[in-house]
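> Only the shape, not the letters, is given here:
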């Protein structure tokens with residue numbers, strides 16, 4: 001009887017501990033909790049029922065939708081992963097062309113994973129290397145960007161039909177980079 005009680009008590013103590021599942025990079029700023037994109041946060045639980053991670057913040061634990069965070073990993077890997085997002089840390093974009101495709105790879109002929117709507121806001125994650133997009137015999141100006149929609153879809157989009165803008169640490173627009181024409185062809 002004593003051994004069974006001791007095993008039960010030790011199991012309860014271990015299961016109630018603050019065990020961290022891993023660390024994730026925040027992909028989309030979460031202003032209501034003052035969590036900015038690029039921040040590395042501890043992840044405690046993944047709920048497949050509510051589709052969220054429970055993360056630690058300065059004020060306690062909160063549930064965050066799965067798509068707003070990178071896959072949990074070790075702290076050192078999460079910090080290394082966060083570096084690839086640094087160039088576009090506070091960059092978002094709105095779409096200038098209805099039906100603009102997001103692609104599986106940074107190639108104009110790659111499978112479409114999503115069609116963006118005109119004026120839809122997306123998060124720019126990072127720049128990638130890809131095949132040049134052509135308008136006739138002339139390449140279009142722009143870059144292939146890894147982007148994230150507000151419903152969690154990730155893919156590649158050519159920047160020619162995006163209007164990139166910068167935000168402050170909590171997601172409020174502070175500037176716009178609008179150097180392309182609004183009447184563009186779909187890529």
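Ah, there it is. This structure is a prediction, so every number in the text was calculated from the model and none was measured.
> Tell me who's in contact with residue 132.
Contacts for residue 132 (C-beta atoms under 8 Å, 6 or more residues apart in numbering) come out as 139, 140. Where you see a C-beta, it was placed from the backbone N, CA and C, and this is true even at glycine.
> Okay, and it sits in which element?
Secondary structure assigned from DSSP states H and E places residue 132 in neither a helix nor a strand.
> Distance-wise, check it relative to residue 155.
As defined by C-beta to C-beta, to the nearest Å, residue 132 lies at a distance of 18 Å from residue 155.
> Compute the first-to-last residue distance for stretch 112-124.
Stretch 112-124 has its terminal residues 18 Å apart, counting by C-alpha to C-alpha, to the nearest Å.
> Quick one: mean pLDDT over that stretch.
For stretch 112-124, mean pLDDT rounds to 96.
> and if you look at stretch 26-34?
91.
> for stretch 147-159, same thing?
Rounded mean pLDDT across stretch 147-159 is 95.
> gap between the two ends of it?
Termini of stretch 147-159 sit 10 Å apart (C-alpha to C-alpha).
> With stretch 23-31 instead?
One end of stretch 23-31 sits 20 Å from the other (C-alpha to C-alpha).
> Please identify the buried residues of that stretch?
Residues 23, 24, 25, 26, 27, 28, 29, 30 are the ones in stretch 23-31 that count as buried (16 or more other C-beta atoms under 10 Å).
> mind checking how far the residue lying closest to the fourth one once chain neighbours are set aside is from residue 99?
To tie it back to what came earlier, the one meant is residue 26. Nearest non-adjacent residue to residue 26, counting by C-beta to C-beta, 6 or more residues apart in numbering: residue 39, 4.6 Å away. According to C-beta to C-beta, residue 39 stands 33 Å off from residue 99.
> more neighbours, the two?
With neighbours defined as other C-beta atoms under 10 Å, residue 39 and residue 99 compare such that residue 39 has more, 18 against 11.
> mind listing what the residue nearest the centre of the chain touches?
Centroid-nearest residue in the chain: residue 27, 3.1 Å away (criterion: C-alpha atoms, centre = their mean). Counting by C-beta under 8 Å, 6+ apart, residue 27 makes contact with 37, 67, 68, 69, 70, 85, 123, 125, 148.
> what do you get for residue 115?
By C-beta under 8 Å, 6+ apart, the residues touching residue 115 are 99, 100, 101, 102.
> Just the ones of the residues you listed in strands?
Judged by DSSP state E, strands contain the following of those: 100, 101, 102.
> Redo these as TSV? Include neighbour count, pLDDT and distance to residue 110.
Formatted as TSV, the ones in strands among the contacts of residue 115 follow (neighbours: other C-beta atoms under 10 Å; pLDDT from 0 to 100; distance: C-beta to C-beta, whole Å):
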residue	neighbour count	pLDDT	distance to residue 110
100	22	95	14
101	20	96	9
102	23	97	10
